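Asker: only geometry, no sequence info:
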């Protein structure tokens, strides 16, 4: 199975070749590392560098900035094929999001400075939005960035930050004007190795995604140059976030599809091998009907995700449709993982079996990137106009 359906109008020969390349790379370099990453709670930096060498990142970035000069279909394939291996540890989804913030709003100097190293894996990116007291309500953040000469002084903390332990480049959502509401929000890049006052909390223990480093970040009088502002002027952060969130939400829908395809394959293998009452689990009508339901859900989701990717490559993906992809994809993912784990019986509850890990990893998909309840509200607003 692949991300694109046979009728996908966005997938050209180059996408098919990249898909083949990604599958081979992940099989050789990722699959053998998954258990190790789970034990250590972090992905090795050498894997990031190998991914950069293999061209897994930056497929849609212009060649002058170190990319391949393609479209967003390449990013979509890289994410799908990762989930298709059963891995949610490698934080490429956030890396891609950071890359596209810089691509969309960065100056030429910022792009030259940051993009090549993000694409090569030399630098790891993070997006610091969520705070202990503010999640989906971005306007309520309290992290501040005060002008002080030719610098910003940043104070505040962020929580649940993907790639938090390893990030070299962190886009920090900050208030440059505390009295301006949404218009006072700005995005500022913090280069973690070049500042004082930046501190990482411990690697958070989670229900799932155990191989990904997720942390609280602290900023205590962290000084960065004014030139690290993302965009031409202050107060554009909320607008920038809203424009880029559709990609973040589609990422979740894409990875949901990859995880579903993987879980289905694993479950089919299991029920063909496992016997009860003198016959294969596969031969019971309940098993066959459940798998028929899962397969249908996967193909319906694939069709919708392909439509979203097609819109994305044309810069036509709107926020409401991306919210649908995030909500529906993560909802179906959780339903499928539950069904597939059940078909594994007692073995499905054992962490030696990938389905147990996939079950745990799926749960957060309906929470991060904006909760599914927020997604429904955004969809409803598009209706009630």
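Answerer: All right, it came through fine. Everything numeric in this text was worked out from a predicted model, so none of it was measured.
Asker: Name the residue most distant from the centre of this structure?
Answerer: Within the chain, residue 278 marks the point farthest from the mean C-alpha position, 43.8 Å out by C-alpha atoms, centre = their mean.
Asker: For burial, what's the neighbour tally of the residue lying closest to residue 217 once chain neighbours are set aside?
Answerer: Nearest non-adjacent residue to residue 217, counting by C-beta to C-beta, 6 or more residues apart in numbering: residue 158, 4.6 Å away. Using the backbone N, CA and C atoms, a C-beta is placed for each residue, glycine as well. Counted by other C-beta atoms under 10 Å, the residues lying close to residue 158 total 25.
Asker: circling back: please tell me the pLDDT value assigned to the residue farthest from the centre of the chain.
Answerer: Residue 278 carries a pLDDT value of 96.
Asker: how close does it get to residue 346?
Answerer: Distance of residue 278 to residue 346, computed by C-beta to C-beta, to the nearest Å: 19 Å.
Asker: Show the backbone phi and psi for residue 360.
Answerer: The phi and psi values for residue 360, taken as degrees, to the nearest 10, are phi -70, psi -40.
Asker: Begin at 592, not 1, for the rest of this chat.
Answerer: Sure thing, new numbering starts at 592, so read that last one as residue 951.
Asker: Test my guess that it contacts residue 799.
Answerer: Yes - counting by C-beta atoms under 8 Å, residue 951 does reach residue 799; the two are 3.5 Å apart.
Asker: how about stretch 937-955: buried residues?
Answerer: 939, 944-955 (16 or more other C-beta atoms under 10 Å).
Asker: Let me see the mean pLDDT of that stretch.
Answerer: 97.
Asker: do stretch 739-746 as well
Answerer: Computed over stretch 739-746, the average pLDDT equals 96.
Asker: low pLDDT regions in the stretch 792-941 of the chain?
Answerer: Across the stretch 792-941 of the chain, nothing is flagged by pLDDT under 70.
Asker: and the end-to-end length of stretch 772-790?
Answerer: 27 Å (C-alpha to C-alpha, to the nearest Å).
Asker: I misspoke; the intended subject was stretch 762-775.
Answerer: 16 Å.
Asker: now it: mean pLDDT?
Answerer: Stretch 762-775 shows a mean pLDDT of 94 in the predicted model.
Asker: List of residues touching that stretch?
Answerer: 689, 692, 716-720, 729-730, 732-738, 743, 745, 747, 749, 776-781, 810, 821, 825-826, 828-829, 832 (C-beta atoms under 8 Å, 6 or more residues apart in numbering).
Asker: Which members of those occur in strands, if any?
Answerer: Using DSSP state E, the subset of the contacts of stretch 762-775 located in strands is 716-719, 735-738, 743, 745, 747, 749, 776-781, 810.
Asker: excluding its backbone neighbours, what's nearest the spatially most central residue of the chain?
Answerer: Among the residues of the chain, the one closest to the centroid is residue 684, at 3.1 Å (C-alpha atoms, centre = their mean). Leaving aside its sequence neighbours, residue 684 sits nearest to residue 842 (C-beta to C-beta, 6+ apart; 4.8 Å).
Asker: Quickly find the element holding the one you found.
Answerer: helix 828-864 (DSSP states H and E).
Asker: residues of that helix that come out buried?
Answerer: Residues 828-829, 831-832, 835-855, 857-859, 861-862 are the ones in helix 828-864 that count as buried (16+ other C-beta under 10 Å).
Asker: Can you give the distance of the next helix-or-strand element following it from its chain's centre?
Answerer: Per DSSP H and E, the first helix or strand lying C-terminal to helix 828-864 is strand 866-867. Distance of strand 866-867 from its chain centroid, counting by C-alpha atoms, centre = their mean, to the nearest Å, is 39 Å.
Asker: ditto for stretch 685-702
Answerer: The chain centre lies 16 Å from the centre of stretch 685-702; the measure is C-alpha atoms, centre = their mean.
Asker: Kindly report the same for stretch 758-778.
Answerer: Distance, centroid of stretch 758-778 to centroid of chain: 21 Å (C-alpha atoms, centre = their mean).
Asker: Span of that stretch from start to end?
Answerer: Span of stretch 758-778 from end to end, C-alpha to C-alpha: 16 Å.
Asker: And stretch 898-909, by the same measure?
Answerer: Counting by C-alpha to C-alpha, you get 12 Å between the two ends of stretch 898-909.
Asker: Any buried residues in it, and which?
Answerer: Going by neighbour count (16+ other C-beta under 10 Å), the buried part of stretch 898-909 is 898-904, 908.
Asker: any chance you could map the helices in the stretch 842-976 of the chain?
Answerer: Applying DSSP state H, counting those that start in this stretch to the stretch 842-976 of the chain gives helices spanning 876-904, 910-934, 945-953, 963-974.
Asker: Next, format those as a markdown table and append distance to residue 785.
Answerer: Formatted as a markdown table, the helices of the stretch 842-976 of the chain follow (distance: least, C-beta to C-beta, whole Å):
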| stretch | distance to residue 785 |
| --- | --- |
| helix 876-904 | 34 |
| helix 910-934 | 34 |
| helix 945-953 | 34 |
| helix 963-974 | 35 |
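Asker: Out of these, flag the one nearest residue 628.
Answerer: In terms of C-beta to C-beta, the element of these nearest to residue 628 is helix 945-953, at 11.1 Å.
Asker: now for the closest one, which elements pack on it?
Answerer: Packing partners of helix 945-953 (3 or more C-beta pairs under 8 Å, 6 or more residues apart in numbering; DSSP states H and E): helix 828-864, helix 910-934.
Asker: before we move on, the earlier item: report the inter-axis angle for the helix holding residue 842 versus helix 876-904.
Answerer: Comparing the axes of helix 828-864 and helix 876-904 via axes from the mean of the first three to the mean of the last three C-alpha atoms, to 10 degrees yields an angle of 150 degrees.
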